[in-house]
Each structure stands twice: as C-alpha cells, then as structure tokens.
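In: Build me a structure from this.
(one chain, ligands or ions: 1)
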Amino acid sequence: MPLEEADEAIRAGRVTVGGRVVRQPLAPVAPDAVVRVEGQRVSVSPVTRVLAFHKPAGCVTSTVDAEERQPTVFELLVPSLPSELARYSWHAVGRLDRNTTGLLLFTNDERFVAHATAPETKLPRRYVARVQGQATEEKVEPLRHGIRLDDGPARPARAKLRAPDVVELTITEGRHHQVKRMLGAVGLPVLALHREAIGRVVLDVPEGGWRVLGDSEVSEGLGYTPRQGART
Ligand code: URA
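Out: The predicted structure follows:
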C-alpha cells in the first residue's frame, strides 16, 4: 500500500493494531502485532531487500571499529543509498576480514541473515586467494576431503589452482577466518583474499559499488523466499 494511502486509512480509523483502532501514522508497531485494514490482515514487514556490495580492503564488517581507525562497511554503503533504501535498517550477511575484498551481502530482513549464514543452508561461497609459496594439486587435495581445524572438521571444499600462487576455494560454511585457516593448514598462508560469489550470485559491481538483487536472484540464487509484505 502506498504511504499516502496508508496514512489516510490510519487517520480515517480503518486500521487496527492488536484489535485496537490506531489513528497515529507513526505509532510504534511490534513486529509480531496483528495489523488489519478494514478487517483484512496485512503484513507490516517491509519487502525483503538484498544488496550485493563490493567491499574494498581496509574497512571492517561491523557497525563500529573498536579502534576507530578504519571505516566500517556501513559507513561506506549507507550514505551511497538513495533515500528509499537508506531508510531501512541494514544487516551485513556474515563477515569479511578487514583486508578481504569482494562480495558482501546486506539485507533489511533478519530472517534472510539467519538463512544465509546457517551452516545447514550450505550456501557455497567462492573465494580466490593469493598464497605464499607454490600451490600444487597435492597440497590442496586434503581440502577436497575435509580437514580438521581447531574448532572442528571443515566440510569438503572445492579447490582449483588458477595459477602457481592463486587458489580458488569454494566452501559451504562461514566460520571465523575459515579460508585462511584451511589454506594455512595445508602450508599455503594467504596473502590476499577476495570473495567472488555466494550461491549463484556473482560479484559484478566495481569496488565500493552495490546493486539490489532481484527476487529471482534471492530465491533461485540464494535459496530464500523473499518477503513480499506491505511496501513500507
Ligand atoms: N575466510 C577468511 O579467512 N577470511 C574472510 O574474510 C572470509 C573467509
């Protein structure tokens, strides 16, 4: 429902929240409240929005940098959004290390964060790492079978050699420093790391840039049914 129409319906007393008529357009509404317009139940959750952001190196994936020396990804992203997107409350979907570059998803839907980061979802994340030393098939072979890390076994990963010092690694979990720890465990310390893809979504915007994913990218590419709630 467009904002002006919603406003009019509220002022006219046609809207109830939890069974009571509400005449204040800006009255707070609990996320689980039952909202009805002329008796018909409506969803008050905003539609799911997912953004693909190209994270540059040197910024942190948190809302504040404890040392306040580096910008946060939110400080880079939010000011560049048009007002219709900037008004949402954005969540980063997982994390990239300060110096890792590449695809970082943002969403206004916390259920999507839970979906995409749950190990059970097994969403593939494709990374490209420049490593110290010479990568060989022999060295990366254990990663294909699953190696033991200090916080438990890592699932079998897809490992491909792109150059003598460049390894493509696709993993289906997102544990802390996982790629660096996996490659380090087979004698290939990571010098630089970049994330190219998540699910079927491949990074296609320049560094610092972003774009909104379409519903089919979210549903088919990331395995999530987007919320189609009221367009608030
Ligand atoms: N694995 C890492 O080691 N670092 C990242 O930033 C992402 C995955």
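In: Are the lengthiest strand in the chain and the ligand in contact anywhere?
Out: Among the elements of type strand in the chain, defined by DSSP state E, the one spanning the most residues is strand 190-198. Yes - among the residues of strand 190-198, residue 193 lie within reach of the ligand under CB under 6 Å from any ligand atom. Placement of C-beta: from N, CA and C, glycine included.
In: how far out from the middle of the chain is that strand?
Out: The gap between where strand 190-198 is centred and where its chain is centred comes out at 15 Å by CA atoms, centre = their mean, to the nearest Å.
In: I'd like to know which elements that strand is packed against.
Out: When contacts are defined as 3 or more CB pairs under 8 Å, 6 or more residues apart in numbering; DSSP states H and E, strand 190-198 sits against strand 101-107, strand 125-131, helix 178-185.
In: can we see that at 6 Å?
Out: When contacts are defined as 3 or more CB pairs under 6 Å, 6 or more residues apart in numbering; DSSP states H and E, strand 190-198 sits against strand 101-107, strand 125-131.
In: chain center to stretch 28-44: distance?
Out: In terms of CA atoms, centre = their mean, the centre of stretch 28-44 is found 28 Å from the chain centre.
In: Buried residues, that stretch. List them.
Out: Residues 35, 37, 44 are the ones in stretch 28-44 that count as buried (16 or more other CB atoms under 10 Å).
In: Quick check: which ranges of this structure have low pLDDT?
Out: 1-3, 31, 65-68, 229-232 (pLDDT under 70).
In: Which stretches in it count as helices?
Out: With DSSP state H as the definition, the chain shows helices at residue ranges 3-11, 73-77, 83-86, 110-117, 137-145, 178-185, 215-216, 222.
In: Of all these, which one is nearest the ligand?
Out: For the helices of the chain, the distance to the ligand is smallest for helix 178-185, at 3.5 Å, taking CB to the nearest ligand atom.
In: Can you tell me what sits against the longest strand of the chain?
Out: 100-103, 125-132, 180, 183, 203 (CB atoms under 6 Å, 6 or more residues apart in numbering).
In: Likewise for stretch 217-232?
Out: By CB under 6 Å, 6+ apart, stretch 217-232 touches 1, 42-48, 50, 109, 112, 115, 199-201, 215.
In: ChimeraX command for the buried members of those residues?
Out: In ChimeraX, a selection of the buried entries from these looks like this (16+ other CB under 10 Å):
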select :44,46,47,48,50,109,112,115,199,201
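In: Please list the residues of this protein that sit near the ligand.
Out: 96-97, 100, 177-180, 193.
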